[in-house]
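> sequence unknown, structure follows:
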């Protein structure tokens, strides 16, 4: 039986269809589930919090959705081992709930406005991220250690900020920083454009200690087919670099 | 060098403030009866503060006459705490390290407001509570932490 994934839709989410297509392309089943439905979330194997502007980013990105009762249910299910992937706005929501990094039961990180020498606010481009290796999680089983993948970003508030320096050290020690911005050769220079938003330690994605929840700013669902990758558009239906993240979820849930 | 503060409010319904109010209600703080949001600017200027206040409010960049209203607070003036029967608490939230560089550049270079030396930017919340001042202060602290700011990149002052 195929794993069954719920793609969560909050008011203002706008990447739910792409996320569901990527889930199905990786060989899983899935369904878009509205934030206010009474569905039994426990019947799903995993959840995707897709990108967009939930609640119009009012007050700050992700905070209103983070306080929605639905996120308490997802938090509980994640603690029971269900897979949760938060992409872009979903990443911001996971950070604002404290599910990521999840070391303590409180908000420990933030996705702050980008720092970019040329563009203020929203920034959209293709970047490289690398699988930081060392830790096998639900999201990188199909990636080689230090494998570089090309993937798009599209956000105004994607700069990972961790006020507590000891926490950053702990996340590095725990191998929770599984994706980092890098150049095409995998070098993680902390400089624009390699680091496109000024994230501390070039962080592109952080998982929880158990490796079943990931918050990442880049959009793997927008790189699920080669035809989506600039310069490779003639390769039509071949799997794109982002597909491996969804295939990893499938592998993990086998 | 003197300073003036500009508070830009909304003539039209402020959807962010409405969402904040409903979220706070859902968090269980029934003592909150009203909430107002204003965009906050503080300018450090050389020259005449009165003349500058008139000029700055007329720049369409900060105040859009169709949807915004504004008020100016000069250095030394006190915050107005009067409020019918309700207890009023002010909260100022600012992004750490955000000195409004982009706006400052536009104001100085495009609009010729060379008297501005530096500026600060933030969100100024006014919360109206139906309870005593001490309890109102306590709730304001809790609401700030849960909803209005993320301490990893923002700072918050309850005034």
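Right, received. Where do you want to start? Here the structure is a predicted model, which means the values were calculated and not measured.
> check which helix or strand covers residue B:127.
strand B:116-129 (DSSP states H and E).
> Mind checking if the next helix or strand along the chain from that strand is in reach of chain A?
Once strand B:116-129 ends, the next helix or strand along the chain (criterion: DSSP H and E) is helix B:133-143. No - if you take C-beta under 8 Å from any C-beta of the partner chain as the test, helix B:133-143 misses chain A, and the best it gets is 11.0 Å. Where you see a C-beta, it was placed from the backbone N, CA and C, and this is true even at glycine.
> and the helix or strand just after helix B:133-143, which strands flank it?
Following helix B:133-143 in sequence order, the next helix or strand is strand B:154-158 (DSSP H and E). If you go by DSSP bridges, strand B:154-158 pairs up with strand B:87-95 (antiparallel).
> what about the strand it pairs with, average pLDDT?
Throughout strand B:87-95, pLDDT has a mean value of 95.
> now stretch A:44-51
Rounded mean pLDDT across stretch A:44-51 is 98.
> which residues make contact with it from outside it?
A:3-9, A:13-16, A:18-19, A:23, A:30, A:33, A:41, A:65, A:74, A:77-78, A:82-91, A:93-94, A:138, A:154, A:219, A:221, A:249, A:253 (C-beta atoms under 8 Å, 6 or more residues apart in numbering or on different chains).
> Near chain A, which residues of chain B are found?
Close to chain A, as judged by C-beta under 8 Å from any C-beta, chain B has residues B:15-16, B:19-20, B:23, B:26-27, B:95, B:98, B:102, B:146-154.
> Look up the pLDDT of residue 72 for me, please.
Assuming you mean chain A. pLDDT, read off for residue A:72, is 96.
> Actually, chain B is the one I wanted.
92.
> Assign the nearest residue to it once chain neighbours are set aside to helix, strand or coil.
In this structure, residue B:72 finds its nearest non-sequential neighbour in residue B:53, 4.4 Å apart by C-beta to C-beta, 6 or more residues apart in numbering or on different chains. Three-state call for residue B:53 (DSSP: H, G, I helix; E, B strand; the rest coil): helix.
> Around residue B:53, how many other residues sit close by?
By other C-beta atoms under 10 Å in any protein chain shown, 20 other residues sit near residue B:53.
> Check residue A:198 too.
Number of residues near residue A:198 (other C-beta under 10 Å) recorded here: 19.
> Please verify my assumption that it contacts residue A:117.
No - using C-beta atoms under 8 Å as the test, residue A:198 is too far from residue A:117 to be in contact (9.4 Å).
> got any residues that touch both of those two?
residue A:192.
> and the residue lying closest to residue A:187 once chain neighbours are set aside, how many neighbours?
Spatial nearest neighbour of residue A:187, chain neighbours left out: residue A:194 (7.4 Å); criterion: C-beta to C-beta, 6+ apart. Residues within reach of residue A:194, counting by other C-beta under 10 Å, total 17.
> and if you look at the one 5 residues further on?
Other residues within reach of residue A:199 by the criterion other C-beta under 10 Å amount to 22.
> What of residue B:134?
Residue B:134, neighbours per other C-beta under 10 Å, totals 9.
> That one: what's it in contact with?
Counting by C-beta under 8 Å, 6+ apart, residue B:134 has no contacts.
> Need the per-residue pLDDT for it.
94.
> State the distance from it to residue B:34.
19 Å (C-beta to C-beta, to the nearest Å).
> now do residue B:152
29 Å.
> Of the two, which one has the most company?
With other C-beta under 10 Å as the criterion, residue B:152 and residue B:34 differ in neighbour count, and residue B:152 comes out ahead with 20 against 15.
> Nearest residue to the middle of chain B?
When chain B is reduced to its mean C-alpha position, the closest residue under C-alpha atoms, centre = their mean turns out to be residue B:124, at 2.4 Å.
> My read is that that residue contacts residue B:94, right?
No - between residue B:124 and residue B:94 there is no contact, the gap being 9.7 Å when judged by C-beta under 8 Å.
> shared neighbours of these two, anything?
residue B:40.
> And for residue A:183, the neighbour number?
Around residue A:183 there are 16 residues (other C-beta under 10 Å).
> Who are the contact partners of residue A:126?
A:150-153, A:229-230.
> Can you tell me which of those are buried?
A:150-153, A:229 (16 or more other C-beta atoms under 10 Å in any protein chain shown).
> Now, those residues that are in strands?
Among those, DSSP state E puts A:150-153 in strands.
> Throw those residues into JSON lines and include pLDDT and distance to residue B:114, thanks.
Shown next, in JSON lines, are these (pLDDT from 0 to 100; distance: C-beta to C-beta, whole Å):
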{"residue": "A:150", "pLDDT": "96", "distance to residue B:114": "45"}
{"residue": "A:151", "pLDDT": "97", "distance to residue B:114": "44"}
{"residue": "A:152", "pLDDT": "98", "distance to residue B:114": "41"}
{"residue": "A:153", "pLDDT": "98", "distance to residue B:114": "37"}
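> quick check, nearest of those residues to chain B?
residue A:153 (18.5 Å; C-beta to the nearest C-beta).
> can you pull the pLDDT of residue 22?
Using chain A. 98.
> meant chain B, my bad for not saying
97.
> my read: the residue nearest to residue A:187 touches residue A:185, true?
No - judged on C-beta under 8 Å, residue A:194 makes no contact with residue A:185 at a distance of 10.3 Å.
> For the stretch 151-254 of chain A, list the residues in contact with chain B, please.
Checking the stretch 151-254 of chain A against chain B by C-beta under 8 Å from any C-beta, the hits are A:159, A:161-163.
> Helices along the stretch 101-250 of chain A, start to end?
Applying DSSP state H, counting those that start in this stretch to the stretch 101-250 of chain A gives helices spanning A:165-173, A:243-252.
> can you list those helices in CSV and add mean neighbour count, distance to residue A:204 and mean pLDDT?
Formatted as CSV, those follow (neighbours: other C-beta atoms under 10 Å in any protein chain shown; distance: least, C-beta to C-beta, whole Å; pLDDT from 0 to 100):
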stretch, mean neighbour count, distance to residue A:204, mean pLDDT
helix A:165-173, 14, 13, 96
helix A:243-252, 23, 12, 98
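> Any idea which of the ones you listed gets closest to residue A:205?
helix A:243-252 (9.1 Å; C-beta to C-beta).
> What are the contacting residues of the closest one?
By C-beta under 8 Å, 6+ apart, helix A:243-252 touches A:2-3, A:5, A:22-23, A:25-28, A:46, A:83, A:85, A:137-143, A:149, A:212, A:220-221, A:223-225, A:239.
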